[in-house]
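> Build me a model:
(3 chains)
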Amino acid sequence: MQLNAPQQAAVDHREGALLVLAGAGSGKTRVITSRIAALLKSVPAEQVVALTFTNKAAREMRDRVMEQVGRASAKGLIVSTFHSLGVRILRREIERLGYKGNFSIYGEADQRRLIKDLLPLRRQERGSAQEVEEVLARISSAKNRMQTPETFQPNRHDECDLLTAEVYPRYQQGLKACNAIDFDDILLLTLQLFASHPAVLRQYQQQFRYIMVDEYQDTNHVQYCLLRELSAIHGNLCVVGDDDQSIYGWRGAQAGNILDFEQDFPGARVIKLEQNYRSTGRILAAANALIEHNPGRHEKRLWTAGEQGAEVVYRCCDDGEDEAMAVVAAIHRERYRHQLSYRDFAILYRTNSQSRAFEEQLRYENIPYVLIGGQQFFDRKEVRDVLAYLKVFVNTQDEVNLLRILNYPKRGIGESTAQRLIALSVERQQPLWELMQGGDLAQPLGEKAAQQVEAFIQLMQRYRRACRHGERLTATMEELLKELRLEDELYRQADDPKQARRRVENMHEVVNALSSYCEREAVPTLEGFLEKVSLLDRDEPLRNNKEEKLKQDAVVLMSLHSSKGLEFPCVYLVGFEEGTLPHSKIIDEGGDIAEERRLCYVGMTRARKQLMLLGAARRRRYGRLQPQTASRFLEEIPEPLVRREGQAEATLSSPEEQQQQASDFFARMRSMLKEEKAETS
DNA sequence: CCGGTATACCTTTTT
DNA sequence: GGTATACCGG
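The predicted model follows:
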């Protein structure tokens, strides 16, 4: 297929800043890969950098460039995520900032643990889970705004902000003491490195002569600054994106970056791609009608030379189960009518918890499906526990993880012993690892505990040494799991043997991942493995990653966020209700409705041939059945563009609902009685 | 120190 | 309806 005129213009652009405003389905990826291919004809590959947000996007882009220019010409080309590039730079340069090269990368679980331990230091009340979560979010957002512990400006009238101001410096010190950095630090420290070491910056400026950025609308302020620094000399920055698809504002992305590009990089050329090659006319018309309700966009109107296609349908179902049945029925029907494969269908939802009803229905009907995202592999406790051992082997300063495994599996080193060790470590100004190694702990800890600690540290030393030899990594790890008897531990903990088996499987999946990493890599190291694992996209479980999953012939289930960048012949956008599609959290807390609208727009524009919107008249939320109303976005798409089907009313009549009402009544009575009691006593 | 049960809280979206 | 924490008894 040939490039159209604006696409070609973007590919041919060479020097200076370029903004490509690429509407959904306008052949954006093709433009980027073609432009890289064109550059490689006259520029050494190692001077070209393409940055993406997900590993999958990076891999895809790299593959497509190689298809066009061949493996040899692409050698040295950097296609990577922002975070991978950051880590790559930091591994080489971080000692200039006072960290050591074997630093750990802390995910949310590690961060939470660290903050949790910090909170009670300052306050008598113990840090509740909510508080930890809130403080963590604020620290992260501060980092995204480039506020350090020193420059953080709390809102004086905001309790939580003041707490954050106290915790933030300690948190950052804690990280450094553990020789660890968090996800936001990856980018922030890279930027700080550049600021404090101009010579280092210059070196990278000279190396990266042509910089391209995909999904520019998702960049946050730190990423923007990095790009500005790196392109400062030559100005060869080409960014591609679509402000209408900016859906990561909650994570600090600034759609302003793409709206202000022309002011930030004077002389920038702007090219709009508005011809859509993906969806039918009717789907585009509906999506356009919706997105036009958003203020302050780059004016853009998608059009297609293709056919009008089938009607877009909205269907109101009785409840969640009915909705699932309707989708499955539609899949059966369309598959038969148009000779489609299962993989041609996608079910998209706002929250991951919505997947359950569809999974059940699909399983019931024996339809193969794949679930993308959701409960993440690396968030699972059993996986994190194993990884914690590996992290400590690499970085013995990593006390967050050291404390995590100190008594896992249970080895008689309980909470009080741990606290005594920590106190001792503070008192003697000695890292925990050294303290435990030093022996002589019988007095402070007691004979028995000291013995257990001794045994623990012996074991750790032994395996730490064994891990140095890259050859036997996998075998060493297998031995470790065996010696720790983690499998038994998992069976003992779980109350359901099936659940236990799943956990054991997950644990072994880590070993499998390590094994396949070792096979792939020329010089495998534990460090390298952990780095890979830390930087994985949320929804690629190690080996059978997103692509492999998509290749199977199965219906795809995923969140609207995960769906960005993908396309399917038939899309079912479910939960089209107030409180779900504009999510209640956003409605209640005065969040950004426009972003919800964009999310909806992203979902709609994934569809090539057929788009169906579904909602329910009542739905179970937190286990309660509640009446629902149609999403406000439905009204924003005028009648002829979306055909309304089904008109279930929110009537309360089923036996289940009556029972629900009764139990609600008794719950109210009980709580009233409790209050009365409290008053009288 | 451990394992059990009661409980509170919760659900956005994720590199 | 599910998980993470709290508290209590052994």
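> Could you report the distance from the residue of the stretch 401-550 of chain A found nearest DNA strand C to A:Ala330?
When scored by CB to the nearest atom of the strand, the stretch 401-550 of chain A has A:Gln499 as its residue closest to DNA strand C, at 7.7 Å. The way it works is simple: take the backbone N, C-alpha and C, and place the C-beta from them, glycine included. Going from A:Gln499 to A:Ala330 by CB to CB, to the nearest Å gives 33 Å.
> Residue of the stretch 201-350 of chain A nearest DNA strand B, please.
For the stretch 201-350 of chain A, CB to the nearest atom of the strand, closest residue to DNA strand B: A:Trp250, 3.9 Å.
> before we move on, the earlier item: quickly find the element holding the residue of the stretch 401-550 of chain A closest to DNA strand C.
In the assignment (DSSP states H and E), A:Gln499 maps to helix A:497-520.
> Show me what that helix is packed up against.
Helix A:497-520 sits against helix A:381-394, helix A:473-484, helix A:486-493, helix A:526-535, with contacts defined as 3 or more CB pairs under 8 Å, 6 or more residues apart in numbering; DSSP states H and E.
> Dump the ones you listed to CSV, plus mean pLDDT and distance to DNA strand C.
Rendered in CSV, the data for the helices and strands packed on helix A:497-520 read as follows (pLDDT from 0 to 100; distance: least, CB to the nearest atom of the strand, whole Å):
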stretch, mean pLDDT, distance to DNA strand C
helix A:381-394, 89, 6
helix A:473-484, 91, 21
helix A:486-493, 80, 11
helix A:526-535, 89, 19
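> right, so those helices: which one is the most enclosed?
Most buried of the helices and strands packed on helix A:497-520, by mean neighbour count (mean count of other CB atoms under 10 Å): helix A:381-394, with a mean of 22.
> tell me the angle that one makes with helix A:486-493.
Angle, helix A:381-394 to helix A:486-493, by axes from the mean of the first three to the mean of the last three CA atoms, to 10 degrees: 140 degrees.
> same for the helix or strand A:Leu226 falls within, what does it pack against?
Take DSSP H and E as the rule and A:Leu226 turns out to sit in helix A:221-230. If you count contacts as 3+ CB pairs under 8 Å, 6+ apart, helix A:221-230 packs onto helix A:129-144, helix A:183-196, helix A:198-207, strand A:210-213.
> try it again with 6 Å
Packing partners of helix A:221-230 (3 or more CB pairs under 6 Å, 6 or more residues apart in numbering; DSSP states H and E): helix A:183-196.
> any low-confidence regions in the stretch 101-250 of chain A?
A:120-128 (pLDDT under 70).
> wait, what's in contact with A:Val511?
A:Met477 (CB atoms under 6 Å, 6 or more residues apart in numbering).
> about what we covered before: hmm, the helix holding A:Leu226 touching DNA strand B?
No: in terms of CB under 7 Å from any atom of the strand, no part of helix A:221-230 sits within range of DNA strand B; the closest distance is 9.2 Å.
> which parts of stretch A:352-363 are buried?
A:Asn352, A:Gln354, A:Ser355, A:Ala357, A:Phe358, A:Gln361, A:Leu362 (16 or more other CB atoms under 10 Å).
> which one of the helices and strands packed on helix A:497-520 lies closest to DNA strand B?
helix A:486-493 (6.4 Å).
> Please work out which residues outside that closest one touch it.
For helix A:486-493, using CB under 6 Å, 6+ apart, the contacting residues are A:Pro409, A:Ala500, A:Arg503, A:Val504.
> sorry, back to before: out of the buried residues of stretch A:352-363, which are inside helices?
A:Ser355, A:Ala357, A:Phe358, A:Gln361, A:Leu362 (DSSP state H).
> Can you say which two of the residues you listed are spatially most distant?
Using CB to CB, the pair of those lying farthest apart is A:Ser355 and A:Gln361, separated by 10.8 Å.
> Name the residues contacting each of the two.
Counting by CB under 6 Å, 6+ apart, nothing touches both A:Ser355 and A:Gln361.
> other SSEs contacting the top strand by length along chain A?
Assignment by DSSP state E gives strand A:607-616 as the longest strand of chain A. The helices and strands touching strand A:607-616, judged by 3+ CB pairs under 6 Å, 6+ apart, are strand A:312-317, helix A:320-338, strand A:568-573.
> so whichever helix or strand comes after the longest one versus strand A:607-616, what angle?
Once helix A:320-338 ends, the next helix or strand along the chain (criterion: DSSP H and E) is strand A:345-349. Between the axis of strand A:345-349 and that of strand A:607-616 there is an angle of 50 degrees, by the same axes, to 10 degrees.
> Please consider this matter closed, and thank you.
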